[in-house]
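Trainee: the sequence and its predicted three-dimensional model are supplied below.
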Amino acid sequence: MARYRDVMTDAPTPIRVFLLDDHEIVRRGIKELLEGEPDIEVVGESGLAEEAARRIPALRPDVAILDARLPDGSGIDVCREVRSRAPHIKALILTSYDDDEALFAAIMAGASGYTLKQVKGNDLVDAVRRVAAGQSMLDPSVTAQVLDRVRNGPPVDKDLAKLTEQEQKILDLIGEGLTNRQIAERMYLAEKTVKNYASSMFAKLGLTSRTQAAIFSSKHTK
């Protein structure tokens, strides 16, 4: 894809790409794939979020391919930080997981694309070219859902809607692994009152143990 041209050679200026992935073998594979294309140049790579957030604005790539999950952070956080400093840099989030929450976060962070690592090589190359050209690799219907969520807030979970505010707080604290005594101290309540709230919450959600409550909390609350 022809982009800017070098005045002296009249040759297309290659698309400059930065790679962020904590797995060296993955970075090598993507780098080899991209550099096999005449119009793409990998100008830098990293396995750590903090390092990438520092180097990307300095290297000024056209596209930053960012792994969503990293040992010291998230490619989505790197996307947000980089684009706040250099909004012309396009970001393509690469992930192993089809995660609605991560997709929402990626769009909110300003990413131009969100791609699973299972993507075919040719499709990844095409995504880089499209993102570099200013196109979005995000499904318009998904983007519309995100915009609706921004306007109206996240959807209310029907089960959580059954709980009182106190019961929801207790569910959150059970999810954190706190005992009834610890919850009572945290909420300035009598331990017996916490037990009563917990029993009511269990009944409303159809739960029979604290383990079930903790699992429910991890899936339904943030």
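Mentor: Received it, and whenever you're ready, just let me know what you need.
Trainee: where does the protein have low pLDDT?
Mentor: 1-11, 98-101, 139-157, 221-222 (pLDDT under 70).
Trainee: count of neighbours near the nearest residue to residue 75 once chain neighbours are set aside?
Mentor: Once flanking residues are discounted, residue 75 sits nearest to residue 66: 3.1 Å by CB to CB, 6 or more residues apart in numbering. For glycine as for every other residue, the C-beta is placed from the backbone atoms N, C-alpha and C. Neighbour count of residue 66, defined by other CB atoms under 10 Å: 30.
Trainee: repeat for residue 80
Mentor: 18.
Trainee: okay, and it sits in which element?
Mentor: Element membership of residue 80, judged by DSSP states H and E, is helix 75-85.
Trainee: quick one: strands adjacent to the following helix or strand past that helix?
Mentor: Toward the C-terminal end, the helix or strand that comes next after helix 75-85 (DSSP H and E) is strand 90-95. Paired neighbours of strand 90-95 in the sheet (DSSP bridges): strand 63-67 (parallel), strand 113-116 (parallel).
Trainee: distance to residue 178 added to those, as a markdown table?
Mentor: Listed next are these as a markdown table, based on distance: least, CB to CB, whole Å:
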| stretch | distance to residue 178 |
| --- | --- |
| strand 63-67 | 33 |
| strand 113-116 | 35 |
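Trainee: which of those strands sits most buried?
Mentor: Among these, strand 63-67 has the highest mean neighbour count (mean count of other CB atoms under 10 Å), at a mean of 28.
Trainee: before we move on, the earlier item: the residue nearest to residue 75 and residue 89 touch, don't they?
Mentor: No: using CB atoms under 8 Å, residue 66 makes no contact with residue 89, being 10.6 Å away.
Trainee: which residue is nearest the middle of this structure?
Mentor: Centroid check for the chain by CA atoms, centre = their mean gives residue 102 as the closest residue, at 3.5 Å.
Trainee: which helix or strand contains it?
Mentor: helix 100-108.
Trainee: report the buried residues of that helix.
Mentor: Across helix 100-108, burial judged by 16 or more other CB atoms under 10 Å covers 102-107.
Trainee: before we move on, what about stretch 26-46?
Mentor: For stretch 26-46, the neighbour count (16+ other CB under 10 Å) marks 26-27, 30-31, 33-34, 37, 39-40, 42-46 as buried.
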